[in-house]
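Novice: Quick one: sequence plus predicted model below, questions after.
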Amino acid sequence: MTTPTMEQRIARVFGLQGDKWMRHANAASVWTRFTVLSLLALAIWSRDWIGWYCLIPIALAVLWMMVNPLLFPPPRSTRNWASASVLGERVWSERGTADIPAQFRSPVPNLTNVIGVAGLILLAYGLVRLDVLTTVAGVLIVNVSKLWYLDRMALLFAEVKGRPEYASWDF
């Protein structure tokens, strides 16, 4: 038995197993998930305006993050960048048991995640200090690093979608 990858552990936390990946691959779900970080930052910032009541918008932002993939049906087609990126992410998360093409066995996905963590640190600092520029920079860095990661995953899916184990995902 292979040790689960970090991505598989995260997927389990969000309930992404089996067919639930397809709901997650709905392009509308992918694009609306990009609102989560901005909404969460705004909710945390609101502590300056509404005090402890900021816990309400924070809870709503966290709820949005958790239920977002559940709100969308499986996509009618996966032949778009957003869906392909999620399906590539699924392939990547299963790399302990899946054969990943050589050109994708690189540090780039990990690098994008490190950049994202640096953006989160900057974002947290901006939110603690109530510094608009630092907060916005943090959000942008996190989102751009996620887009880079997802782009790599879309390319990965494009490379493997002809394999029998993934062919049914390409519709």
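Specialist: Perfect, I can see it now.
Novice: Contacts only, for the residue nearest the centre of the chain.
Specialist: Centroid check for the chain by Cα atoms, centre = their mean gives K146 as the closest residue, at 6.6 Å. By Cβ atoms under 8 Å, 6 or more residues apart in numbering, the contact list for K146 reads F34, T112, G116. The C-beta positions use only the backbone N, C-alpha and C, and glycine is treated the same way.
Novice: Drop anything exposed from these.
Specialist: Neighbour-count burial (16 or more other Cβ atoms under 10 Å) applied to those gives T112, G116.
Novice: that older thread, sec struct for the residue nearest to the centre of the chain, please.
Specialist: What DSSP: H, G, I helix; E, B strand; the rest coil gives for K146 is helix.
Novice: can you tell me how far it sits from R76?
Specialist: Distance check for K146 against R76: by Cβ to Cβ, to the nearest Å, it reads 24 Å.
Novice: tell me, how many neighbours does L130 end up with?
Specialist: Using other Cβ atoms under 10 Å, L130 has 12 neighbouring residues.
Novice: Okay, helices next: where are they in the chain?
Specialist: With DSSP state H as the criterion, the chain has helices at 6-13, 20-24, 27-33, 35-45, 47-50, 55-71, 81-93, 108-129, 132-160, 164-167.
Novice: do you know which of those lies nearest A102?
Specialist: Nearest to A102, of all the helices of the chain, is helix 132-160, at 10.3 Å by Cβ to Cβ.
Novice: quick one: buried residues of the closest one?
Specialist: Across helix 132-160, burial judged by 16+ other Cβ under 10 Å covers 134-135, 137-139, 141-143, 145-146, 148-157, 159-160.
Novice: just how off-centre is it within its chain?
Specialist: Offset of helix 132-160 from its chain centre (Cα atoms, centre = their mean, to the nearest Å): 8 Å.
Novice: How about stretch 91-106?
Specialist: 18 Å.
Novice: So which bits of that stretch are buried?
Specialist: V91, W92, S93, E94, R95, I100, F104.
Novice: and if you look at stretch 120-132?
Specialist: Judged by neighbour count (16+ other Cβ under 10 Å), stretch 120-132 contains these buried residues: L120, L122, L123, G126, L127.
Novice: With pLDDT added, can I get the residues you listed in CSV?
Specialist: Shown next, in CSV, are those (pLDDT from 0 to 100):
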residue, pLDDT
L120, 98
L122, 98
L123, 98
G126, 98
L127, 98
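Novice: Among those, which one lies nearest to A167?
Specialist: Proximity of the buried residues of stretch 120-132 to A167 (Cβ to Cβ) peaks at L120, which lies at 36.5 Å.
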